[in-house]
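> coords please:
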Amino acid sequence: MRWARRSALIGALVWLLLQLTRLADSYETDLIERILLFGVLVIVPLGLALIPTSSRQAPFIYWLALLLQPFGAAAVLASTFLEPGMGAAFLASLWLIFAVTTALFGLWRLRRPELRVAEELSFDAALLYLPVGAVWLVMSRLGFQPLGFGETIVLLTAVHFHFAGFAAPVLAGLAGRRLLDTPSLQSIFRFAVLGIIGGTPLVAAGITFSPLVGLVGTLVISIGLLLLAVLVSFKIVPAVRSAVAQVFLLISSLSTVPAMLLACVYAYSLATQTLIVDIPQMATTHGILNAFGFALCGLLAWSILHNPDPR
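Okay, the predicted model is just below:
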(Lines give C-alpha, C1' and ligand atoms only; values in the text may rest on other atoms or scores of the structure.)
Protein backbone atom coordinates (compact mmCIF):
# COMPACT_ATOMS: atom_id res chain seq x y z
CA MET A 1 0.00 0.00 0.00
CA ARG A 2 2.90 2.32 0.68
CA TRP A 3 4.03 1.48 -2.86
CA ALA A 4 0.77 2.92 -4.23
CA ARG A 5 1.05 6.04 -2.07
CA ARG A 6 4.60 6.65 -3.23
CA SER A 7 3.43 6.19 -6.79
CA ALA A 8 0.73 8.82 -6.20
CA LEU A 9 3.29 11.24 -4.72
CA ILE A 10 5.69 10.78 -7.62
CA GLY A 11 2.76 11.04 -10.03
CA ALA A 12 1.72 14.34 -8.47
CA LEU A 13 5.22 15.76 -8.88
CA VAL A 14 5.34 14.61 -12.50
CA TRP A 15 1.90 16.06 -13.15
CA LEU A 16 2.99 19.42 -11.75
CA LEU A 17 6.00 19.41 -14.08
CA LEU A 18 3.62 18.75 -16.98
CA GLN A 19 2.05 22.15 -16.40
CA LEU A 20 5.16 23.61 -18.05
CA THR A 21 4.29 22.05 -21.41
CA ARG A 22 1.30 22.02 -23.71
CA LEU A 23 -0.35 18.64 -24.31
CA ALA A 24 -2.83 19.47 -27.08
CA ASP A 25 -3.50 22.18 -29.65
CA SER A 26 -6.89 23.27 -28.32
CA TYR A 27 -7.39 24.57 -24.79
CA GLU A 28 -10.39 22.29 -24.30
CA THR A 29 -8.55 19.09 -25.24
CA ASP A 30 -5.44 20.17 -23.35
CA LEU A 31 -7.38 20.61 -20.09
CA ILE A 32 -9.25 17.31 -20.45
CA GLU A 33 -5.94 15.54 -21.14
CA ARG A 34 -4.47 17.04 -17.98
CA ILE A 35 -7.44 15.96 -15.86
CA LEU A 36 -7.23 12.44 -17.31
CA LEU A 37 -3.50 12.25 -16.56
CA PHE A 38 -4.16 13.49 -13.04
CA GLY A 39 -6.56 10.60 -12.59
CA VAL A 40 -4.03 8.09 -13.89
CA LEU A 41 -0.98 9.46 -12.06
CA VAL A 42 -2.52 10.48 -8.73
CA ILE A 43 -6.16 9.56 -8.12
CA VAL A 44 -6.03 5.87 -9.05
CA PRO A 45 -2.96 4.95 -6.93
CA LEU A 46 -4.36 6.93 -3.99
CA GLY A 47 -7.67 5.12 -4.27
CA LEU A 48 -6.08 1.71 -4.75
CA ALA A 49 -4.02 2.18 -1.58
CA LEU A 50 -7.20 2.85 0.40
CA ILE A 51 -9.23 -0.17 -0.66
CA PRO A 52 -9.30 -2.28 2.52
CA THR A 53 -7.32 -5.48 2.12
CA SER A 54 -5.75 -7.73 4.70
CA SER A 55 -2.10 -8.29 3.85
CA ARG A 56 -2.45 -11.93 4.87
CA GLN A 57 -5.55 -12.60 2.76
CA ALA A 58 -4.89 -10.46 -0.32
CA PRO A 59 -4.53 -12.56 -3.48
CA PHE A 60 -1.55 -12.41 -5.81
CA ILE A 61 -3.60 -10.39 -8.32
CA TYR A 62 -3.87 -7.53 -5.79
CA TRP A 63 -0.10 -7.29 -5.35
CA LEU A 64 0.32 -7.57 -9.11
CA ALA A 65 -2.03 -4.61 -9.59
CA LEU A 66 -0.03 -2.54 -7.11
CA LEU A 67 3.19 -3.45 -8.93
CA LEU A 68 1.84 -2.69 -12.41
CA GLN A 69 0.18 0.64 -11.61
CA PRO A 70 3.21 2.98 -11.79
CA PHE A 71 4.50 1.31 -14.95
CA GLY A 72 1.10 1.58 -16.59
CA ALA A 73 0.84 5.23 -15.55
CA ALA A 74 4.30 5.99 -16.95
CA ALA A 75 3.31 4.33 -20.24
CA VAL A 76 0.17 6.48 -20.46
CA LEU A 77 2.27 9.57 -19.83
CA ALA A 78 4.70 8.58 -22.59
CA SER A 79 1.82 7.92 -24.99
CA THR A 80 0.61 11.48 -24.51
CA PHE A 81 3.67 12.81 -26.33
CA LEU A 82 3.06 10.62 -29.38
CA GLU A 83 0.65 11.25 -32.21
CA PRO A 84 -2.48 9.07 -31.99
CA GLY A 85 -1.78 5.70 -33.55
CA MET A 86 -0.54 2.20 -32.89
CA GLY A 87 2.54 3.29 -30.92
CA ALA A 88 0.60 5.49 -28.52
CA ALA A 89 -2.14 2.87 -28.18
CA PHE A 90 0.42 0.15 -27.41
CA LEU A 91 1.86 2.20 -24.56
CA ALA A 92 -1.61 3.01 -23.20
CA SER A 93 -2.53 -0.67 -23.35
CA LEU A 94 -0.14 -1.24 -20.44
CA TRP A 95 -2.58 0.78 -18.34
CA LEU A 96 -5.38 -1.43 -19.62
CA ILE A 97 -3.47 -4.52 -18.47
CA PHE A 98 -3.14 -2.95 -15.02
CA ALA A 99 -6.84 -2.07 -14.99
CA VAL A 100 -7.80 -5.63 -15.89
CA THR A 101 -5.81 -6.88 -12.89
CA THR A 102 -7.80 -4.53 -10.65
CA ALA A 103 -11.02 -5.94 -12.12
CA LEU A 104 -9.83 -9.48 -11.40
CA PHE A 105 -9.18 -8.39 -7.83
CA GLY A 106 -12.71 -6.98 -7.72
CA LEU A 107 -14.11 -10.31 -8.93
CA TRP A 108 -12.08 -12.10 -6.24
CA ARG A 109 -13.66 -9.82 -3.63
CA LEU A 110 -17.15 -10.55 -4.98
CA ARG A 111 -16.61 -14.25 -4.29
CA ARG A 112 -16.34 -13.59 -0.55
CA PRO A 113 -19.80 -13.57 1.12
CA GLU A 114 -18.67 -11.26 3.94
CA LEU A 115 -17.82 -8.58 1.37
CA ARG A 116 -21.26 -8.51 -0.26
CA VAL A 117 -22.49 -5.43 1.61
CA ALA A 118 -23.04 -1.93 0.28
CA GLU A 119 -19.72 -0.40 1.31
CA GLU A 120 -17.70 -3.35 0.02
CA LEU A 121 -19.68 -3.60 -3.21
CA SER A 122 -18.84 0.06 -3.76
CA PHE A 123 -15.13 -0.80 -3.74
CA ASP A 124 -15.83 -3.68 -6.14
CA ALA A 125 -17.65 -1.35 -8.54
CA ALA A 126 -14.62 0.97 -8.58
CA LEU A 127 -12.32 -1.93 -9.43
CA LEU A 128 -14.64 -3.20 -12.16
CA TYR A 129 -15.31 0.20 -13.76
CA LEU A 130 -11.63 1.11 -14.09
CA PRO A 131 -10.96 -1.14 -17.13
CA VAL A 132 -13.84 0.56 -18.95
CA GLY A 133 -12.07 3.88 -18.57
CA ALA A 134 -8.82 2.25 -19.67
CA VAL A 135 -10.44 0.93 -22.86
CA TRP A 136 -11.62 4.42 -23.77
CA LEU A 137 -8.17 5.78 -22.96
CA VAL A 138 -6.59 3.29 -25.37
CA MET A 139 -9.14 4.26 -28.04
CA SER A 140 -8.20 7.90 -27.51
CA ARG A 141 -4.49 7.15 -27.95
CA LEU A 142 -5.25 5.05 -31.01
CA GLY A 143 -7.23 7.90 -32.54
CA PHE A 144 -10.23 5.57 -32.85
CA GLN A 145 -13.59 7.35 -32.74
CA PRO A 146 -16.34 4.69 -32.60
CA LEU A 147 -19.74 5.50 -34.14
CA GLY A 148 -18.38 8.85 -35.29
CA PHE A 149 -17.75 10.21 -31.80
CA GLY A 150 -15.28 13.06 -31.74
CA GLU A 151 -11.96 13.01 -29.91
CA THR A 152 -13.44 15.02 -27.04
CA ILE A 153 -16.25 12.51 -26.39
CA VAL A 154 -13.78 9.62 -26.26
CA LEU A 155 -11.58 11.54 -23.82
CA LEU A 156 -14.55 12.55 -21.65
CA THR A 157 -15.72 8.96 -21.38
CA ALA A 158 -12.24 7.90 -20.24
CA VAL A 159 -12.21 10.70 -17.66
CA HIS A 160 -15.72 9.79 -16.48
CA PHE A 161 -14.77 6.21 -15.60
CA HIS A 162 -11.55 7.23 -13.83
CA PHE A 163 -13.34 9.71 -11.57
CA ALA A 164 -17.08 8.94 -11.34
CA GLY A 165 -16.41 5.26 -12.03
CA PHE A 166 -13.41 4.74 -9.75
CA ALA A 167 -12.83 7.59 -7.30
CA ALA A 168 -16.47 8.16 -6.32
CA PRO A 169 -17.24 4.52 -5.36
CA VAL A 170 -13.95 4.30 -3.41
CA LEU A 171 -14.89 7.41 -1.42
CA ALA A 172 -18.38 6.01 -0.86
CA GLY A 173 -16.98 2.71 0.37
CA LEU A 174 -14.64 4.42 2.82
CA ALA A 175 -17.49 6.54 4.18
CA GLY A 176 -19.68 3.44 4.50
CA ARG A 177 -17.12 1.72 6.71
CA ARG A 178 -17.29 4.69 9.09
CA LEU A 179 -21.10 4.47 9.19
CA LEU A 180 -21.27 0.81 10.24
CA ASP A 181 -21.96 1.81 13.85
CA THR A 182 -25.02 3.86 12.80
CA PRO A 183 -27.72 1.40 11.63
CA SER A 184 -30.28 4.18 11.21
CA LEU A 185 -28.24 5.68 8.36
CA GLN A 186 -27.56 2.44 6.53
CA SER A 187 -30.63 2.68 4.27
CA ILE A 188 -29.67 6.21 3.21
CA PHE A 189 -26.11 5.09 2.57
CA ARG A 190 -27.24 2.11 0.48
CA PHE A 191 -29.43 4.43 -1.59
CA ALA A 192 -26.44 6.74 -2.13
CA VAL A 193 -24.24 3.82 -3.25
CA LEU A 194 -26.97 2.60 -5.59
CA GLY A 195 -27.12 6.05 -7.19
CA ILE A 196 -23.34 6.34 -7.55
CA ILE A 197 -22.86 2.85 -8.97
CA GLY A 198 -26.01 2.84 -11.09
CA GLY A 199 -25.67 6.37 -12.40
CA THR A 200 -22.13 5.93 -13.72
CA PRO A 201 -22.97 3.66 -16.71
CA LEU A 202 -26.09 5.71 -17.45
CA VAL A 203 -24.02 8.90 -17.72
CA ALA A 204 -21.55 7.08 -19.97
CA ALA A 205 -24.42 5.88 -22.16
CA GLY A 206 -25.65 9.45 -22.31
CA ILE A 207 -22.23 10.71 -23.40
CA THR A 208 -22.05 8.16 -26.20
CA PHE A 209 -25.64 7.40 -27.23
CA SER A 210 -28.61 9.28 -25.76
CA PRO A 211 -28.70 12.73 -24.10
CA LEU A 212 -31.98 11.79 -22.38
CA VAL A 213 -30.39 8.71 -20.81
CA GLY A 214 -27.47 10.92 -19.84
CA LEU A 215 -29.82 13.34 -18.07
CA VAL A 216 -31.42 10.50 -16.10
CA GLY A 217 -27.99 9.10 -15.22
CA THR A 218 -26.72 12.51 -14.14
CA LEU A 219 -29.73 13.00 -11.85
CA VAL A 220 -29.25 9.52 -10.36
CA ILE A 221 -25.54 9.92 -9.66
CA SER A 222 -26.06 13.49 -8.42
CA ILE A 223 -28.60 12.33 -5.84
CA GLY A 224 -26.22 9.58 -4.73
CA LEU A 225 -23.24 11.93 -4.39
CA LEU A 226 -25.25 14.63 -2.63
CA LEU A 227 -26.60 12.11 -0.11
CA LEU A 228 -23.03 10.93 0.45
CA ALA A 229 -21.90 14.53 0.97
CA VAL A 230 -24.60 15.05 3.61
CA LEU A 231 -23.65 11.86 5.45
CA VAL A 232 -19.94 12.74 5.39
CA SER A 233 -20.46 16.37 6.43
CA PHE A 234 -22.89 15.80 9.30
CA LYS A 235 -21.98 12.35 10.58
CA ILE A 236 -18.35 11.55 9.74
CA VAL A 237 -16.63 14.96 9.91
CA PRO A 238 -17.72 15.71 13.52
CA ALA A 239 -16.36 12.33 14.63
CA VAL A 240 -12.96 12.80 12.99
CA ARG A 241 -10.16 13.91 15.29
CA SER A 242 -7.75 15.21 12.65
CA ALA A 243 -8.50 18.86 11.83
CA VAL A 244 -6.73 18.54 8.47
CA ALA A 245 -8.82 15.51 7.54
CA GLN A 246 -11.97 17.36 8.58
CA VAL A 247 -11.12 20.26 6.29
CA PHE A 248 -10.36 17.96 3.36
CA LEU A 249 -13.59 15.98 3.88
CA LEU A 250 -15.61 19.18 4.00
CA ILE A 251 -13.98 20.52 0.83
CA SER A 252 -14.65 17.20 -0.88
CA SER A 253 -18.30 17.18 0.19
CA LEU A 254 -18.93 20.85 -0.58
CA SER A 255 -17.32 20.51 -4.01
CA THR A 256 -19.96 17.93 -4.88
CA VAL A 257 -22.79 20.47 -4.78
CA PRO A 258 -21.70 22.92 -7.53
CA ALA A 259 -20.04 20.14 -9.54
CA MET A 260 -23.22 18.06 -9.78
CA LEU A 261 -25.46 21.08 -10.29
CA LEU A 262 -23.30 22.00 -13.28
CA ALA A 263 -23.47 18.39 -14.49
CA CYS A 264 -27.27 18.45 -14.31
CA VAL A 265 -27.45 21.77 -16.16
CA TYR A 266 -25.13 20.45 -18.87
CA ALA A 267 -27.07 17.18 -19.21
CA TYR A 268 -30.32 19.15 -19.43
CA SER A 269 -28.87 21.42 -22.11
CA LEU A 270 -27.90 18.37 -24.18
CA ALA A 271 -31.27 16.67 -23.73
CA THR A 272 -33.22 19.81 -24.70
CA GLN A 273 -30.66 21.06 -27.27
CA THR A 274 -30.44 24.35 -25.41
CA LEU A 275 -26.96 25.81 -25.03
CA ILE A 276 -26.49 26.73 -21.37
CA VAL A 277 -22.94 25.54 -20.68
CA ASP A 278 -20.55 24.01 -23.20
CA ILE A 279 -17.75 21.44 -22.86
CA PRO A 280 -14.92 23.98 -22.29
CA GLN A 281 -16.94 25.60 -19.51
CA MET A 282 -17.68 22.20 -17.98
CA ALA A 283 -14.02 21.22 -18.10
CA THR A 284 -12.92 24.39 -16.28
CA THR A 285 -15.66 24.17 -13.63
CA HIS A 286 -17.17 20.72 -13.16
CA GLY A 287 -13.96 18.93 -14.18
CA ILE A 288 -11.71 20.87 -11.84
CA LEU A 289 -14.16 20.69 -8.92
CA ASN A 290 -14.48 16.93 -9.35
CA ALA A 291 -10.79 16.21 -9.83
CA PHE A 292 -9.28 18.45 -7.18
CA GLY A 293 -12.14 19.32 -4.84
CA PHE A 294 -14.10 16.08 -4.62
CA ALA A 295 -11.67 13.29 -5.57
CA LEU A 296 -8.27 14.60 -4.45
CA CYS A 297 -9.36 16.20 -1.17
CA GLY A 298 -11.53 13.22 -0.30
CA LEU A 299 -8.75 10.70 -0.93
CA LEU A 300 -6.21 12.83 0.94
CA ALA A 301 -8.55 12.98 3.94
CA TRP A 302 -9.00 9.22 4.02
CA SER A 303 -5.25 8.74 3.51
CA ILE A 304 -4.69 10.73 6.70
CA LEU A 305 -7.29 8.69 8.58
CA HIS A 306 -6.31 5.34 7.15
CA ASN A 307 -4.03 3.20 9.29
CA PRO A 308 -0.82 2.74 7.30
CA ASP A 309 0.10 -0.75 6.30
CA PRO A 310 2.94 -2.09 8.47
CA ARG A 311 4.79 -3.22 5.37
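
> top helix in the chain by residue count?
The single longest helix within the chain, with elements called by DSSP state H, is helix 243-272.

> mind listing what's buried in that one?
Buried residues in helix 243-272, counted by 16 or more other C-beta atoms under 10 Å: 245-246, 248-257, 259-260, 262-263, 265-271. C-beta: built from backbone N, CA, C; applies to glycine.

> Spit out the contact partners of the closest residue to residue 224 other than its chain neighbours.
Nearest residue to residue 224 in three dimensions, chain neighbours excluded: residue 195, at 2.4 Å (C-beta to C-beta, 6 or more residues apart in numbering). Contacts of residue 195 were listed using C-beta atoms under 8 Å, 6 or more residues apart in numbering, and they are 220, 221, 222, 223, 224, 225, 227.

> Could you check how far the residue sitting nearest the centre point of the chain is from residue 111?
Centrality entry for the chain: nearest residue to the mean C-alpha point is residue 163, 2.1 Å, by C-alpha atoms, centre = their mean. In this view, residue 163 and residue 111 are 27 Å apart by C-beta to C-beta, to the nearest Å.

> what's the answer for residue 105, then?
The gap separating residue 105 from residue 111 is 11 Å, by C-beta to C-beta.

> what's the closest non-adjacent residue to residue 288?
Closest residue to residue 288 apart from its sequence neighbours, by C-beta to C-beta, 6+ apart: residue 35 at 7.6 Å.

> What separation do you get for the one you found and residue 95?
In this view, residue 35 and residue 95 are 16 Å apart by C-beta to C-beta.

> Residue 5 too?
From residue 5 across to residue 95, the span is 19 Å (C-beta to C-beta).

> Between the two, which has more neighbouring residues?
Neighbours per residue (other C-beta atoms under 10 Å) separate residue 5 from residue 95, with residue 95 holding more: 28 against 18.

> measure that one to residue 183 for me?
According to C-beta to C-beta, residue 95 and residue 183 sit 40 Å apart.

> Spell out, range by range, the helices that occur in the stretch 51-200 of the chain.
For the stretch 51-200 of the chain, the helices defined by DSSP state H, counting those that start in this stretch cover 60-80, 86-110, 118-142, 151-162, 168-178, 186-208.

> Which neighbouring elements make contact with the first one?
What that stands for is helix 60-80. In this structure, helix 60-80 makes packing contacts with helix 2-18, helix 27-38, helix 44-50, helix 86-110, helix 118-142, judged by 3 or more C-beta pairs under 8 Å, 6 or more residues apart in numbering; DSSP states H and E.

> For residue 43, give me its contacts.
Each residue near residue 43 by C-beta under 8 Å, 6+ apart is listed here: 8, 162, 163, 166, 167, 291, 295, 296, 299.

> What's the separation between the nearest residue to the first one once chain neighbours are set aside and residue 133?
So that's residue 8. Excluding the flanking residues, the one nearest residue 8 by C-beta to C-beta, 6+ apart is residue 45, at 4.0 Å. Separation of residue 45 from residue 133 (C-beta to C-beta): 14 Å.

> Residue 241 now?
Distance of residue 241 to residue 133, computed by C-beta to C-beta: 35 Å.

> of these two, who's got more company?
Between residue 241 and residue 133, residue 133 has the larger neighbour count (other C-beta under 10 Å), namely 27 against 7.

> Which per-residue confidence value corresponds to the residue nearest to the more buried one when sequence neighbours are not counted?
Sequence neighbours aside, residue 161 is the residue nearest to residue 133 in space, at 2.9 Å (criterion: C-beta to C-beta, 6+ apart). Here the pLDDT value assigned to residue 161 is 93.
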